[in-house]
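Novice: I'll drop the sequence and a predicted model, then ask my questions.
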Amino acid sequence: MNSITVRMGKQNYHFIMIIIISLISIVCYFIVENSIHEVSAITSNSDTKSNTQIKHVIVVSQGRRSFDNYFGTFPGANGLPKNLTIPFNPFPPAIQKFTVGAWFNTNNTFQTNAFLVNKGGVGSDTLGYNMNYGIWMTNFGNIGAGFETKEGIDYVVRSNNTYNDGKWHQVFVTYDGNSELKLYIDGNETASTKTKGQYPDITGTKPIRIGANSFQPEYYFKGSIDEVRIWNRTLDNSEILKGYSDNIYDPDRLIVYSSFENNETSQNNSTKVSLQPELKGIYLNGSSYYDIKIDVSKYTSYLKPFNLLKTKTDSPNYGENAYDLSYNNGQMNGFVIAQHLDGKDPRLVLGHYNETDLGFYWKFATEFVLADNFFASTMDTGFHNENYLYTGIPVDKSNNVSFRYLSNLNRTVFDELEKSNVPWKIYVDNYNPNLNQTEPALKKNRFINLLTQTPRFHYNESLNSNIVDLAYYFKDLRNDNFPSVAYIVAPNAEENAPRDVTVGEEFVASIVLALMESKHWNDSAIIVTYRESGGWYDHVPPPKIGENTYGFRVPALIISPYAKKGYIDSTLYDASSVLKFIEYNYNISSLGKRDADANNMLHAFDFTKAPREPLNLKTGFIKNLSLEVKKNIDKSKSVKIVTFIYLVTLPILTIIGFIIFWIVYRKERKSRLIRR
């Protein structure tokens, strides 16, 4: 009896294990089978109607590089000017001892302080961001003047009388460098204060601004300002009175003089001798300002652009503050000092590459289209600019967008594609969807792919199935179900310093060459661009759109059998133009005003001609890339192997399991019959 019980227990154990294995195999089979059918259903329509011959648009964003850094010497492009030199420090020198004077005329009452003249401005009590000197009118019409220390402590003198009476008045403020601050109105000393050895913050790099806050445009003055003078010394009472009475000034250490005649500014040793100045100056309307430009050659050295000898370099300083300094109100000459102030090699940002360093990119530019007027969407950094490529709007206008973990992009180009049943995919290098379940990974993934950390994409299986590993790009190219719109996201292949730029370049080339080898080449277009400049020098001032300024120029290539051969496209573009082209091509709605108003990228194409043949992949240096392409194709084969394991091996295991079960069952049944 016991032996029979033992045998029956073993039989039940085998039976249960076989059933469990079989059930697991069946479940795995149907899950994988179903997911593949879902993806195939989403991506099967590759013949979506379009307004061009382009059926597939592939977008590759490669990180942070400037146009001049990559194509500054490309023939025919708007590249580095000959004999270009950049000042080490283009900003007017900050001074410890000063005399600042101006004439002004206003009959306006202001809600807050309105600046006449200042350097450094107000708005931050941080070293380098404090006011070196300034003169302003209060909301009561009094005149105030003074400076801030490095610690942000204010030292101010203020008049008792008001001067918003519609008449011309002269104001001077002087500081001896360590003890006494004085204010003069119409030649007479009006107020003074002791400073007990304090001195102004002289570390900043803000401009000398007339009519608004120098730290950032605000606190506007409305009225006229004329005869601005700044000395790097302290004028005494007699000099100021003589200047007011006789209009004669000693030019010793006069660093700024402007009468605003034709908006001219000079530093010559002017000693005006007319008894009364001809007061007219510059009129400011309450929302405008004027930055004084001075010849800084006597204060600083100059550097020249040069060819980088290494494709792997240190990373420049980048970000909003570095970009603001580099931009320098459109003068495009603050790049070097922005690096120096951050402790970086100041010369590095002037380095650039050529056709020897970037052979693939220069080859593509020679054979297809190079856009030399393509700008980052904003002067911000990172998430802000990447957001434009998905939504066409600034991040601060996206409701519920967070810089921590999850965000909720309310409306993306992929939503519009989904509505119109236009197939799309986002191919992510080394994509692991399981990482999206942890907060640290979500925070990191927002820089990898905005959709993976957007809840409605992350938790919607239908939408989420369109976000796949990069290996599927090479796999899909061999099939009929290649999507109409594809974004390539490969953070580890981006060309941000200090990475070797040739690694990212070869990655992009492998994407392009794989398309050329596929049957989809004849109706496709690849747009390669960059998120932002990364601090690298570019000489073209970004245009303004409304009150906002574009970011610096970035490289952009348009590669297609319909792309014009060797064409330099100087049409104004940014990421919004990429969206515009996709929207036009697939008849979908614009996401907002920015992409609706953007220039379409049609200038880069010629659809009147037959599609061009791909580049000859068997000759020249392109042949050397075959290993990179093969590596990616092999990676895609590994995906196919995994699919094979689930779709073939597991069902076989299921069948084997049932066979084993049946054999064991028959054997045990026969044994029981014999014992009976």
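Specialist: Great, that's in hand. Numbering: from 1, shown residues only.
Novice: Mind listing residues that contact stretch 70-78?
Specialist: 67, 79-80, 305, 352-355, 358, 361-362, 365, 370, 372-373, 540, 555, 568, 570 (CB atoms under 8 Å, 6 or more residues apart in numbering). All C-beta atoms are positioned from the backbone trio N, CA, C, and that covers glycine.
Novice: Got a ChimeraX select line for the buried ones in these?
Specialist: Buried residues among those (16 or more other CB atoms under 10 Å), as a ChimeraX selection:
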select :67,79,80,305,352,353,358,361,362,365,370,372,373,540,555,568
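Novice: Out of the contacts of stretch 70-78, which sit inside strands?
Specialist: Members of those lying in strands (criterion: DSSP state E): 352, 370, 568.
Novice: hey, where'd the strands end up in the stretch 101-250 of the chain?
Specialist: Taking DSSP state E, counting those that start in this stretch to define them, one finds strands in the stretch 101-250 of the chain at 114-119, 133-137, 142-148, 154-162, 169-175, 180-185, 188-194, 208-210, 222-231.
Novice: To residue 473, which of the ones you listed lies closest?
Specialist: Closest to residue 473 of those is strand 208-210 (CB to CB; 50.8 Å).
Novice: partners of that closest one, with directions?
Specialist: Strand pairing for strand 208-210, using DSSP bridges, gives strand 114-119 (antiparallel), strand 290-292 (antiparallel).
Novice: Quick check: which of these is buried the most?
Specialist: Mean neighbours per residue, mean count of other CB atoms under 10 Å, is largest over those for strand 114-119, with a mean of 27.
Novice: related to what we said a few turns ago, who wins for proximity to residue 561 among the strands paired with strand 208-210?
Specialist: strand 290-292 (48.5 Å).
Novice: now that closest one: how far from the chain's centre is it?
Specialist: Offset of strand 290-292 from its chain centre (CA atoms, centre = their mean, to the nearest Å): 27 Å.
Novice: Give me the residue ranges of the protein where confidence is low.
Specialist: 1-51, 262-276, 382, 394-408, 434-450, 452-453, 455, 617-676 (pLDDT under 70).
Novice: center of it - which residue?
Specialist: Nearest residue to the geometric centre of the chain (CA atoms, centre = their mean): residue 532, 3.4 Å.
Novice: Show me the beta-bridge partners of that residue.
Specialist: Per DSSP bridges, the residues bridged to residue 532 are residue 64.
Novice: got a list of what it touches?
Specialist: 64, 318, 376, 381, 382, 385, 551, 552, 554.
Novice: hmm, try it at 6 Å
Specialist: Contacts for residue 532 were tallied using CB atoms under 6 Å, 6 or more residues apart in numbering; they are 64, 376, 381, 385, 551.
Novice: what's the answer for residue 583, then?
Specialist: With contacts defined as CB under 6 Å, 6+ apart, the neighbours of residue 583 are residue 590.
Novice: name the element it belongs to?
Specialist: helix 575-586 (DSSP states H and E).
Novice: What of residue 462?
Specialist: Going by DSSP H and E, residue 462 is part of helix 461-464.
Novice: Walking through the stretch 1-150 of the chain, point out its helices one by one.
Specialist: 2-43, 67-71 (DSSP state H, counting those that start in this stretch).
Novice: Let me see the domain layout of this protein.
Specialist: With domains defined by automatic domain parsing, the chain comprises 2-37+642-675, 54-67+357-534+551-615, 98-292.
Novice: Point out the most buried one among those.
Specialist: Among these, domain 54-67+357-534+551-615 has the highest mean neighbour count (mean count of other CB under 10 Å), at a mean of 20.
Novice: How far away from the center of its chain is it?
Specialist: 14 Å.
Novice: Quote the end-to-end distance of it.
Specialist: Domain 54-67+357-534+551-615 has its terminal residues 18 Å apart, counting by CA to CA, to the nearest Å.
Novice: Could you shift the numbering so residue one becomes 322, and keep it that way?
Specialist: All set: I'll call the first residue 322, so the last point we hit is now domain 375-388+678-855+872-936.
Novice: For residue 538, see how far away residue 901 is.
Specialist: Distance, residue 901 to residue 538, by CB to CB, to the nearest Å: 30 Å.
Novice: ugh, wrong one, I meant residue 908
Specialist: Counting by CB to CB - residue 908 and residue 538 are separated by 41 Å.
Novice: same check, this time on residue 555
Specialist: For residue 555 relative to residue 538 (CB to CB), the value is 30 Å.
Novice: which other residues reach stretch 688-698?
Specialist: Contacts of stretch 688-698 (CB under 6 Å, 6+ apart): 398-399, 706, 709, 853, 863, 871-875, 877, 879-880, 884-885, 888-891, 893-896, 925.
Novice: picking up where we left off before, show only the entries of the contacts of residue 853 found in helices.
Specialist: Judged by DSSP state H, helices contain the following of the contacts of residue 853: residue 706.
Novice: ok, back up a step: next SSE downstream of the helix holding residue 904?
Specialist: Past helix 896-907, the next helix or strand by DSSP H and E is helix 914-918.
Novice: how about the domains of the chain in CSV, adding distance to residue 407?
Specialist: Formatted as CSV, the domains of the chain follow (distance: least, CB to CB, whole Å):
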stretch, distance to residue 407
domain 323-358+963-996, 53
domain 375-388+678-855+872-936, 13
domain 419-613, 14
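Novice: thought residue 456 was touching residue 467?
Specialist: No: look at residue 456 against residue 467 with CB atoms under 6 Å: they stay out of range, at 8.7 Å.
Novice: Determine the residues that are contacts of both of the two.
Specialist: When contacts are counted by CB under 6 Å, 6+ apart, residue 456 and residue 467 have no shared neighbour.
Novice: Near residue 666, how many other residues are there?
Specialist: By other CB atoms under 10 Å, the residues close to residue 666 number 14.
Novice: That one: what secondary structure?
Specialist: coil (DSSP: H, G, I helix; E, B strand; the rest coil).
Novice: now residue 858: how far from residue 632?
Specialist: From residue 858 to residue 632 the distance is 17 Å (CB to CB).
Novice: What of residue 855?
Specialist: From residue 855 across to residue 632, the span is 15 Å (CB to CB).
Novice: Which one of the strands of the stretch 422-571 of the chain lies nearest to residue 808?
Specialist: Nearest to residue 808, of all the strands of the stretch 422-571 of the chain, is strand 529-531, at 42.1 Å by CB to CB.
Novice: got a list of contacts for the closest one?
Specialist: 413, 438, 439, 440, 546, 610, 611, 612, 613.
Novice: Looking at the ones in strands among the contacts of stretch 391-399, spot the one nearest residue 494.
Specialist: Top of the list for closeness to residue 494, among the ones in strands among the contacts of stretch 391-399 and by CB to CB, is residue 673 at 44.7 Å.
Novice: so the closest one makes contact with residue 388?
Specialist: No: counting by CB under 6 Å, residue 673 stays clear of residue 388, with 9.7 Å between them.
Novice: number of nearby residues for residue 937?
Specialist: A count of nearby residues for residue 937, using other CB under 10 Å, gives 10.
Novice: what's the spacing between it and residue 684?
Specialist: With distances taken as CB to CB, residue 937 is found 11 Å from residue 684.
Novice: what's the answer for residue 375, then?
Specialist: 22 Å.
Novice: show me what contacts residue 533?
Specialist: Residue 533 makes contacts with 436, 541, 610, as judged by CB under 6 Å, 6+ apart.
Novice: where exactly do the helices run in the stretch 622-771 of the chain?
Specialist: All helices of the stretch 622-771 of the chain, identified by DSSP H, counting those that start in this stretch, fall at 641-648, 656-661, 680-688, 704-712, 734-740, 760-766.
Novice: Run the angle between the fourth one and helix 641-648 for me.
Specialist: When you say that, I think you mean helix 704-712. Here helix 704-712 runs at an angle of 90 degrees relative to helix 641-648 (axes from the mean of the first three to the mean of the last three CA atoms, to 10 degrees).
Novice: Quick one: list the elements packing against helix 704-712.
Specialist: Packing contacts for helix 704-712, counted by 3 or more CB pairs under 6 Å, 6 or more residues apart in numbering; DSSP states H and E, involve no helix or strand.
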